[in-house]
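Undergrad: task: produce atomic coordinates for the following.
(2 chains)
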Amino acid sequence: MDRELVKKLADVLKNRKLSDEIRIMEVCGTHTAEFFKTGVKDLFPENLTLIDGPGCPVCVTPNSYLDLAIEIAKKYNTILATFGDMIKVPSSYSSLAKEKADGMDIRIVYSPLDALRMAEENPGREVIFLSVGFETTAPSEAIIIMEAEKKGIKNFSVLSGNKLTPPAVDALLSADEVKIDGFIVPGHVSAIIGREPWDFIATKYNKPGTVAGFEAHDLITGVLSLIDLIEKKDIKITNEYKTVVKENGNPHALKIIDTVFERCSEVWRGLGELPGSGLRIREKFSMYDAKKKFPADPPPVKEHAGCRCGDLLRGIIIPPECPMFDKVCSPENAIGPCMVSSEGPCSAYYKYWKR
Amino acid sequence: MNNMKKILPGHGSGGKLMNDMISGMIKEILGKDSIQIDDSAVLDINSGKIAFTTDSYTVTPIFFPGGDIGKLAVNGTVNDLAVMGAVPKYLSCSLILEEGFDFDSFEKILISMKESAEAAGVKIVTGDTKVVPNGKGDKIYINTSGIGVFEKEVQRRNIQKGDKIIVSGTLGDHGITIMSLRNDLRFSSDLKSDCAPLNGMIRTVTGKYPGSIKFMRDATRGGLASVLNEITAGRDFSAGIIEDSVPVSEEVKGICSLLGLDPLYVANEGKVVIIAAPEDADGIVEVLKQNEYGKKSAIIGEIDSLYPGKVYIETFIGGKRLLPLMIEEQLPRIC
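TA: As a prediction, the model looks like this:
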């Protein structure tokens, strides 16, 4: 979009007078970071508050997932292939970074395909890909499993921690712990699942929402139209990211997900166990399911005393309201995942928040 | 030609094999003055004060578009001296070679060092060679130390509010070039490292505006944001930069957004950051622009008191956010 036009839009947001205090939630870790990075958050009118929801896949992953990954790698001497984001996340007793320093074979990849390639290049070793993500990344995780089957690669498997976002938003709204006037609905997730699956926010909970993209103009347009919906009490889920998000998503991608994964009950940090919110690997592909291929019993899960990542991911607090933020908890010494994931709210506040 | 010839443990043994390599290849390429019979080089320096610096180079891969580890090892040390206001004169060159490293690559690197030293007007006057067993190093590591002299007393005025922040060209080229070459990433682009000697350009600009340049630093590891954080840490002023005025190439922008990197934190090997008095900032940029390594120089922001001790950026829509000190290097072994 023309930059001069975006600047004009920015002025509209900056000068938008609100009739009452408005609290909106974003449910996407990329939105969390981009609101800061683009400077859009800095232009918010007074009385407009953005709260962070359960939109960062690494953050909502419970300690038990990493505990299991580490236990498997120890027991079976496997290679763990992971996105860099997971490296510094604390597990119950350790972290991938600490295990790597102690000699565990943990390698950072930039795409799931790199992990599969790693398995091909290391035929004598077992490679486990740590697959943590939402609907956005699930298709590419499914594709590598199909690819592994096609190529007959046997030393590759996936530890699925993949999750579906609408059940989390449903759980959050049904708990009714926090005042939310409307939602900035995730753009990337909706590109896969479509706008329609979010209608329950309006029909079941009587709140509006707007699907938004990630550039400055997307964010501004999204927020402005959400404010309008809230003020006019126009309760519906609109789509301001139509170039990318269709009503029913991307059927091809959904079919790929469905070929490899099936819904299961899954534990979310902060929200607990939510039925139908996880994606596990179907029986047909069980030889690529690290959970089945490498049975292991990690030690009991331990939460970190005082960590409020769970409250944060439910919108009960924002990062500076956590007593440990930027004091005990920092990127060098993170107590919880929200401080070290690149999509984590604490990481964004730590980096960009003016103080 | 050194077809198929490899570095052997004996090339670092102090015996004949090593002597032959030094007096044959190294001396031939770097020049007779680079090899000392004695344990030290004896240098003529007529200066009250000298600048002295050292740096080790471990970049991988060792050859990359725009340069190689040899060029980097000369220019990196030359630039560290130049930004202090010193005129680089002499370098040492210490080589750590891995057993099995091929002579052809080694020769190319030595030739590149020689050419870079000539281009920068410095002499390599002493050195050392060690060989480590196969698998205990990665082909070649180079350490260079450098001595520079001050032609005249450099007077640095204090940085104060209103001073301008200048960079000498596009940011992130070196780091992103290296990153895109790493085997786990398979990008293709026309991008190349900005690896270059900055002493000539810096000498011209300090000669013309001796009293107006308050601070200079080459923005290597950690990039521009790290340099600015060093300047503001613990001080009563902040550094504010304007997103739209920071030169970043389209390729670097594209790859950075793919990888989730910020070009303001990515290493450069041929860019200087200058803090200058406001009245001469435009003139300084004009002088920089006349140099082949400074064509895209620009004023990118200024020193103010909005967020004391911090660095911030104003995005193109007018919103502000902090640019904090980076916790750790985004890309390992970049130089």
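Undergrad: burial count for residue A:25?
TA: 27 (other C-beta atoms under 10 Å in any protein chain shown). All C-beta spots, glycine's among them, are computed from the backbone N, C-alpha and C.
Undergrad: now do the contacts for it.
TA: A:50-53, A:180, A:182-184, A:315 (C-beta atoms under 8 Å, 6 or more residues apart in numbering or on different chains).
Undergrad: nearest to residue A:271, of the residues you listed?
TA: residue A:53 (10.2 Å; C-beta to C-beta).
Undergrad: that closest one and residue A:27 touch, don't they?
TA: Yes - distance between residue A:53 and residue A:27: 4.1 Å, which falls inside the contact criterion (C-beta atoms under 8 Å).
Undergrad: and for these two, which residues touch both?
TA: Common neighbours of residue A:53 and residue A:27 (C-beta under 8 Å, 6+ apart) are A:168-169, A:183.
Undergrad: now, the residues you listed that are in helices?
TA: A:168-169 (DSSP state H).
Undergrad: measure stretch A:211-220 end to end?
TA: The first residue of stretch A:211-220 is 12 Å away from its last residue (C-alpha to C-alpha, to the nearest Å).
Undergrad: need the residues that contact that stretch.
TA: Residues from elsewhere that reach stretch A:211-220 (C-beta under 8 Å, 6+ apart): A:1, A:5-6, A:9-10, A:12-13, A:30-31, A:34-35, A:38-40, A:43, A:184-188, A:190, A:195, A:198, A:221-223, A:237-241, A:243-245, B:315-317.
Undergrad: swap the cut-off to 6 Å and go again
TA: With C-beta atoms under 6 Å, 6 or more residues apart in numbering or on different chains as the test, stretch A:211-220 has contacts from A:1, A:6, A:9, A:13, A:30, A:34, A:38, A:40, A:184-185, A:187, A:190, A:195, A:222, A:239-241, A:245, B:317.
Undergrad: re the thing from before, which among the shared contacts of residue A:53 and residue A:27 end up buried?
TA: Among those, those buried by neighbour count (16 or more other C-beta atoms under 10 Å in any protein chain shown) are A:168-169, A:183.
Undergrad: closest to residue B:52 out of those?
TA: Looking across those and measuring by C-beta to C-beta, the closest to residue B:52 is residue A:168, at 58.7 Å.
Undergrad: the closest one: what's it in contact with?
TA: Here residue A:168 is in contact with A:54, A:268, A:271 (C-beta under 6 Å, 6+ apart).
Undergrad: in the chain, which spans are strands?
TA: Assuming you mean chain A. A:22-26, A:48-52, A:79-82, A:106-108, A:127-131, A:156-160, A:182-185, A:209-211, A:237-239, A:261-268, A:272-281 (DSSP state E).
Undergrad: oops, chain B please
TA: B:50-57, B:63-64, B:67-68, B:87-98, B:123-132, B:140-149, B:164-167, B:213-218, B:238-242, B:272-276, B:298-304, B:311-314, B:320-322.
Undergrad: average pLDDT for the longest one?
TA: Which is strand B:87-98. Taken as a whole, strand B:87-98 carries a mean pLDDT of 96.
Undergrad: for stretch B:247-265, same thing?
TA: Stretch B:247-265 comes out at a mean pLDDT of 88.
Undergrad: over to stretch A:191-200?
TA: Average pLDDT, stretch A:191-200: 98.
Undergrad: list the buried ones in it?
TA: In stretch A:191-200, counting by 16+ other C-beta under 10 Å, buried: A:191-195, A:197-198.
Undergrad: got a markdown table for those, with distance to chain B too?
TA: Below are those laid out as a markdown table (distance: C-beta to the nearest C-beta, whole Å):
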| residue | distance to chain B |
| --- | --- |
| A:191 | 17 |
| A:192 | 19 |
| A:193 | 23 |
| A:194 | 25 |
| A:195 | 25 |
| A:197 | 27 |
| A:198 | 26 |
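Undergrad: these in helices, which ones?
TA: Short answer: the buried residues of stretch A:191-200 in helices (DSSP H) are A:191-193.
Undergrad: tell me the contacts of whichever residue of the stretch 1-150 of chain B sits closest to chain A?
TA: The nearest approach of the stretch 1-150 of chain B to chain A comes at residue B:60, 15.2 Å away (C-beta to the nearest C-beta). Residues in contact with residue B:60 (C-beta under 6 Å, 6+ apart) are residue B:333.
Undergrad: without its sequence neighbours, what residue ends up closest to the residue in the stretch 201-335 of chain B that chain A sits nearest to?
TA: Of all residues in the stretch 201-335 of chain B, the one sitting closest to chain A is residue B:319 (2.1 Å; C-beta to the nearest C-beta). Nearest non-adjacent residue to residue B:319, counting by C-beta to C-beta, 6 or more residues apart in numbering or on different chains: residue A:39, 2.1 Å away.
Undergrad: burial count for the one you found?
TA: With neighbours defined by other C-beta under 10 Å, the count for residue A:39 comes to 23.
Undergrad: right, so of the strands of chain A, which gets closest to residue B:38?
TA: strand A:106-108 (47.5 Å).
Undergrad: how far does the closest one sit from its chain's centre?
TA: Offset of strand A:106-108 from its chain centre (C-alpha atoms, centre = their mean, to the nearest Å): 20 Å.
Undergrad: any low-confidence regions in chain B?
TA: B:1-3, B:47, B:153-155, B:183-189, B:327-332 (pLDDT under 70).
Undergrad: and for the stretch 101-250 of chain A?
TA: For the stretch 101-250 of chain A, counting by pLDDT under 70, not a single residue falls below.
Undergrad: residue numbers of it in contact with chain B?
TA: Counting by C-beta under 6 Å from any C-beta of the partner chain, the stretch 101-250 of chain A comes close to chain B at A:114, A:216.
Undergrad: which part of the stretch 101-250 of chain A gets nearest to chain B, residue-wise?
TA: Closest approach of the stretch 101-250 of chain A to chain B (C-beta to the nearest C-beta) occurs at residue A:216, with a separation of 5.2 Å.
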